[in-house]
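**Student:** make a model of this:
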Amino acid sequence: MARAAGIAAVALAVTAGAVGTAGAVGTAGAVGGAGGVGGAPDGSGAATRPRVNRLEGVWQADGYGTIIEIHGSALQTYDVTRISCVPGFLTGVQVGGAGHGGTVRYGRPGKGYADLSITPRGRDRAVSKEDGATATKNLTRLPGGLPAQCGQPAPQDALAAFDRFWATFEENYPFFAAKGVDWAAKGARARAGITPRTDTDTLQAIITDLLRPLGDAHTALGRKGPDGGWDAVFIGLRPGTEEPTDQLREQAGKAVAAQLLAPERTFGQGGLGVGELPGGIGYLRVSAFEGYVEDGPYQEHADELDRALDLLLAHPERLNGLVIDLRLNGGGSDELGLRIASRLTDRSFLAYRKVARNDPADPTAFTRPQPVTVRPAAGATRYTGPVALLTAGSTVSAGETFTQAMAERRPAAVRVGENTQGVFSDIMFKPVSDELLAVLPNEKFLTRDGTTFDGPGIPPDVRTPVFTKEELAGLKDSALTEARRLLAAGAGHR
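**Tutor:** Model prediction:
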């Protein structure tokens with residue numbers, strides 16, 4: 001139940017073992033206090049009894065292959081397929097008392113804040129929402145309690161681990177048909193070479209060989225490291241694209257700086273940059289939609305983003321255009337992307353609709369679409385003029401959902417550069433064995449007409465080179481130069 005943060009952030013999440021919220025993602029749990037205890041109405045304290053927790057019990061998520069067990073102040077998830085049930089990575093402790101409508105907040109053990117809320121909808125229905133996510137997940141109470149299989153130790157031999165891995169993808173991955181992959185046939189061939197005695201190195205290689213042809217940057221394989229965390233041993237990538245290096249980021253920064261009137265002001269631990277281009281054009285670099293503070297709740301990340309936007313939009317009436325640079329954006333929180341969009345509009349608009357696979361036996365079955373809307377930010381300066389977005393194959397995940405949303409803005413943003421990476425879904429972290437961890441998507445982000453850009457990515461309106469070796473050697477930036485030209489010529493005014 002975790003949110004993807006793109007190529008680099010998937011690696012970070014797996015390496016750090018942070019199975020949880022990076023905006024749209026729940027982490028490995030949460031911290032907090034316990035539920036409240038009520039005294040006698042007359043204040044005598046003569047008779048006290050615990051408040052009834054309306055969420056007490058076991059819940060099945062619609063899609064996501066997840067069961068949630070709530071007992072007292074503790075929350076535990078289980079990852080389920082038709083053949084297995086194992087404890088999930090998401091665990092939590094209630095933070096504070098129940099809020100409006102019976103909403104209970106949960107946070108990671110050892111932290112001082114919550115990052116997940118669950119709200120009852122009657123006796124047998126509820127919804128959950130991770131902080132920084134743009135949509136909710138529907139939950140249904142399991143009247144029989146936790147399935148018996150979930151209380152049994154899961155076999156850890158290589159054959160059982162492979163079967164869990166294969167079933168997890170078979171029941172949740174949405175894009176086999178679009179990518180032309182016969183998962184059943186490939187799985188059968190791979191399984192024929194596995195025995196219960198197959199070692200972890202061999203199993204890792206077999207699983208990696210199955211994942212690589214998907215070309216999906218929201219698929220990954222983690223392996224338990226010596227410190228108890230998870231090391232990324234494989235991360236997918238769309239063919240023809242590369243993961244940005246630190247050297248590329250440094251060189252790209254110099255090429256951009258050559259066109260700025262003054263050095264950019266940085267925010268969010270370097271993840272955000274604000275500058276000014278000639279001709280009264282503002283510049284905003286967004287290298288990630290996460291990591292703006294060292295450790296803290298979603299709101300602290302949002303506050304840091306607001307500080308950058310307040311500087312950028314201090315005098316919106318003086319701006320003749322705005323360039324938002326997403327070319328090296330590793331993703332993160334979709335909600336932070338919508339937060340930027342809310343400062344760039346004076347009217348509400350549909351950003352996209354989200355659906356998730358929810359039938360293990362039917363790859364065409366999805367949850368009911370949830371509309372996600374951008375609403376004008378109240379009480380803050382807003383800019384409604386022309387916007388140019390710079391995109392590339394290293395524009396990933398939340399960088400792409402923001403790009404998709406800005407296509408619905410009026411006037412729509414003009415896109416310059418290259419196709420984005422082509423991965424939009426939140427990601428899920430699923431245990432394969434005590435030693436291996438699988439990462440995968442299960443959602444689609446739909447446009448107004450019901451299509452998606454998963455796979456090829458969102459194409460630019462104007463295609464230009466992006467940080468090629470030749471351009472970087474000469475401190476050239478064709479995409480930024482073209483965006484400035486388009487804005488000066490009036491592009492994006494309608």
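
**Student:** point out where the stretch 251-400 of the chain drops to low pLDDT.
**Tutor:** Scanning the stretch 251-400 of the chain for pLDDT under 70 picks out nothing.

**Student:** which parts of it are helices?
**Tutor:** For the stretch 251-400 of the chain, the helices defined by DSSP state H, counting those that start in this stretch cover 298-312, 334-342, 398-406.

**Student:** single out the most deeply packed of those.
**Tutor:** Mean neighbour count (mean count of other Cβ atoms under 10 Å) peaks for helix 398-406 among the helices of the stretch 251-400 of the chain, with a mean of 28. In this view, the C-beta of every residue, glycine as well, is placed from N, C-alpha and C.

**Student:** tell me which strands and helices it is in contact with?
**Tutor:** When contacts are defined as 3 or more Cβ pairs under 8 Å, 6 or more residues apart in numbering; DSSP states H and E, helix 398-406 packs onto helix 334-342, strand 349-356, strand 387-391.

**Student:** centre of the chain versus it, how much separation?
**Tutor:** Remark: helix 398-406 is offset 12 Å from the chain centroid, using Cα atoms, centre = their mean, to the nearest Å.

**Student:** and what of stretch 230-237?
**Tutor:** The chain centre lies 16 Å from the centre of stretch 230-237; the measure is Cα atoms, centre = their mean.

**Student:** list the buried residues of stretch 133-145.
**Tutor:** 133-139, 141-142 (16 or more other Cβ atoms under 10 Å).

**Student:** need the max-distance pair from the residues you listed.
**Tutor:** The most widely separated members of these, counting by Cβ to Cβ, are 134 and 142 (26.9 Å).

**Student:** give me the sheet partners of the top strand by length along the chain and which way each runs.
**Tutor:** Scanning the chain for the strand with the most residues, using DSSP state E, yields strand 85-94. Using DSSP bridges, strand 85-94 pairs in its sheet with strand 74-80 (antiparallel), strand 104-107 (antiparallel).

**Student:** for those, give me JSON lines that also has distance to residue 414, mean neighbour count and mean pLDDT.
**Tutor:** Listed next are the strands paired with strand 85-94 as JSON lines, based on distance: least, Cβ to Cβ, whole Å; neighbours: other Cβ atoms under 10 Å; pLDDT from 0 to 100:
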{"stretch": "strand 74-80", "distance to residue 414": "42", "mean neighbour count": "22", "mean pLDDT": "97"}
{"stretch": "strand 104-107", "distance to residue 414": "41", "mean neighbour count": "26", "mean pLDDT": "96"}
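
**Student:** save those strands as a markdown table, and put in distance to residue 377 too.
**Tutor:** Shown next, in a markdown table, are those (distance: least, Cβ to Cβ, whole Å):
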| stretch | distance to residue 377 |
| --- | --- |
| strand 74-80 | 32 |
| strand 104-107 | 24 |
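
**Student:** among these, which comes closest to residue 233?
**Tutor:** For residue 233, the closest of these is strand 74-80, at 19.7 Å, according to Cβ to Cβ.

**Student:** how about the CA coordinates for the closest one, as CSV?
**Tutor:** Only the C-alpha atoms of strand 74-80 are listed here, as CSV (Å, rounded to 0.1, in the frame of the first residue of the first chain):
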residue,chain,number,x,y,z
ALA,A,74,-2.8,-1.6,16.8
LEU,A,75,-3.1,-2.0,13.1
GLN,A,76,-1.6,-4.9,11.1
THR,A,77,-1.9,-5.6,7.4
TYR,A,78,-1.7,-9.0,5.6
ASP,A,79,-0.8,-9.5,1.9
VAL,A,80,-3.1,-12.1,0.3
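
**Student:** got the contact list for residue 430?
**Tutor:** Shown in contact with residue 430 (Cβ atoms under 8 Å, 6 or more residues apart in numbering): 65, 79, 88, 164, 168, 437-440.

**Student:** one step back: and residue 197, which of the helices and strands packed on helix 398-406 is closest to it?
**Tutor:** Comparing those against residue 197 with Cβ to Cβ, the closest turns out to be strand 349-356 (36.8 Å).

**Student:** in the closest one, which residues are buried?
**Tutor:** Within strand 349-356, the residues scored as buried using 16+ other Cβ under 10 Å are 349, 351-356.

**Student:** neighbouring strands - and their directions - for it?
**Tutor:** Next to strand 349-356 in the sheet, as set by DSSP bridges, lie strand 370-374 (antiparallel), strand 443-446 (antiparallel).

**Student:** could you check the angle it makes with helix 398-406?
**Tutor:** 130 degrees (axes from the mean of the first three to the mean of the last three Cα atoms, to 10 degrees).

**Student:** which non-adjacent residue is nearest residue 233?
**Tutor:** Spatial nearest neighbour of residue 233, excluding adjacent residues (Cβ to Cβ, 6 or more residues apart in numbering): residue 223 at 4.8 Å.

**Student:** circling back: any chance of the buried residues of strand 349-356 in TSV, plus distance to residue 475?
**Tutor:** Output for the buried residues of strand 349-356, formatted as TSV (distance: Cβ to Cβ, whole Å):
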residue	distance to residue 475
349	38
351	35
352	36
353	42
354	41
355	44
356	44
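
**Student:** which one of those residues is nearest to residue 72?
**Tutor:** residue 356 (29.1 Å).

**Student:** measure the closest one to residue 348 for me?
**Tutor:** 24 Å (Cβ to Cβ, to the nearest Å).

**Student:** what's the span of stretch 232-248 from first residue to last?
**Tutor:** Across its full length, stretch 232-248 reaches 21 Å between end residues, using Cα to Cα, to the nearest Å.

**Student:** ah, wrong one, I meant stretch 456-466
**Tutor:** Start-to-end span of stretch 456-466 (Cα to Cα) is 17 Å.

**Student:** contacts for it next, please.
**Tutor:** If you take Cβ under 8 Å, 6+ apart as the criterion, stretch 456-466 is touched by 238, 327, 390-393, 395, 400, 403-404, 407, 414-422, 471, 478-479, 482, 486.

**Student:** re earlier: and the furthest pair within the buried residues of strand 349-356?
**Tutor:** The two members of the buried residues of strand 349-356 with the most space between them (Cβ to Cβ) are 349 and 356, at 22.9 Å.

**Student:** so who does the residue nearest to residue 233 touch?
**Tutor:** Neighbouring residues of residue 223 by Cβ under 8 Å, 6+ apart: 200, 204, 230-231, 233, 435-437.

**Student:** taking those residues together, which two end up most distant?
**Tutor:** Farthest pair in the contacts of residue 223, by Cβ to Cβ: 200 and 230, 13.5 Å.

**Student:** who has more neighbours, these two?
**Tutor:** More neighbours surround residue 230 than the other of residue 200 and residue 230, with 25 against 15 (other Cβ atoms under 10 Å).

**Student:** tell me the pLDDT of the residue lying closest to residue 444 once chain neighbours are set aside.
**Tutor:** Counting by Cβ to Cβ, 6+ apart, residue 444 lies nearest to residue 452, which is 4.9 Å off, once chain neighbours are set aside. Residue 452 is assigned 96 on the pLDDT scale.

**Student:** residue 452 contacts residue 441, doesn't it?
**Tutor:** No - the pair residue 452 / residue 441 is not scored as a contact, 11.3 Å apart, by Cβ atoms under 8 Å.
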